[in-house]
Structures are given as C-alpha cells and as structure tokens.
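[1] For reference, the sequence and a predicted model appear below.
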Amino acid sequence: MPPKIIDPAGTQAHMAAYGLPMTGVLLYGAIATELVGGLALLMGLKARSAVLALMGFLTVATLVFHTELGDQQQLLHFLKNVAVIGGLLLVIAEGTGPLSLGHTDRAVADEKAAYSA
C-alpha cells in the first residue's frame, strides 16, 4: 500500500511542510488520480486520458517535492519521475496494444486516421 493510504495524516503533514494549502483535498485527489489513472492505464481503458492525468500529477509532484537535486535521494526520485513520464509519453505515442480492454478495430482505425492526417 502506498504511504498516502496507510498514513494520510503523515502524508498531509509532509505536504504542509512544503507549503501546500488544502492538503486534505490534494491528498484525496492524489490518491484518486493514482488509483483511477493507474487502473485505467493497466486495463487500457481511456488510457490516453489516464496518461495525461498521471503526467500532470507526476510533473507537479516532481516540481514540488523533488527539486533539491544536491540531495542524492531527491535526485533519485526526480530522475525516476522523469523516466516514468517518458514511459507515459510512449503510451501516448504507441497506444496500449492489442491486449488492452480499450483496443478495438474502430479504435485502431481512428488512431491510424489521426496519425495519417
């Protein structure tokens, strides 16, 4: 389980230490984005929308929490997040593949038409 779910109070305190307002709303928004976006991506349902939401969340989280690049742990998390964003961009570029639940012949045709225009 992610720390956000196991220790919401600790996560809110951590968020407040970085000067974030409305930590309760942001915390539950983050949990929802990670769970719903992750499951949508895993199943391939509305994957591009999920990717955009996850990329937005991850970009903001990276720029808020992992900017002290002189600290080795912060640098590690920063680079990990950049790599994950790169993987998410790959899903936007290539789609989810034939095994995803959102993969249909019509979706493939629409995708080909979008790229050939």
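    Thanks, I have it.

[2] any idea which residue sits dead centre in the protein?
    In the chain, the residue lying closest to the centroid (C-alpha atoms, centre = their mean) is Leu54, at 2.3 Å.

[3] Which helix or strand contains it?
    If you go by DSSP states H and E, Leu54 is part of helix 47-65.

[4] what packs against that helix?
    If you count contacts as 3 or more C-beta pairs under 8 Å, 6 or more residues apart in numbering; DSSP states H and E, helix 47-65 packs onto helix 23-43, helix 72-94. The way it works is simple: take the backbone N, C-alpha and C, and place the C-beta from them, glycine included.

[5] can you list the residues that contact the first one?
    Helix 23-43 is touched from outside by 2, 4-5, 8, 11-12, 15-16, 20, 46-47, 49-51, 53-54, 57, 61, 91, 96, 100-102, with contacts defined as C-beta atoms under 8 Å, 6 or more residues apart in numbering.

[6] List buried residues within those.
    The neighbour-count test (16 or more other C-beta atoms under 10 Å) marks 4, 11-12, 15, 46-47, 50-51, 53-54, 57, 91, 96, 100, 102 as buried among the contacts of helix 23-43.

[7] Looking at the helices and strands packed on helix 47-65, which one is packed in the most?
    Mean neighbours per residue, mean count of other C-beta atoms under 10 Å, is largest over the helices and strands packed on helix 47-65 for helix 23-43, with a mean of 15.

[8] mean confidence for it?
    The average pLDDT within helix 23-43 is 94.

[9] Would you mind getting the angle between that helix and helix 72-94?
    Orientation check (axes from the mean of the first three to the mean of the last three C-alpha atoms, to 10 degrees): helix 23-43 against helix 72-94 gives 50 degrees.

[10] so how far is helix 23-43 off the chain centroid?
    Helix 23-43 sits 8 Å away from the centroid of its parent chain (C-alpha atoms, centre = their mean, to the nearest Å).

[11] Next: stretch 80-99.
    Per C-alpha atoms, centre = their mean, the centroid offset for stretch 80-99 relative to its chain is 10 Å.

[12] Sounds good, over and out.
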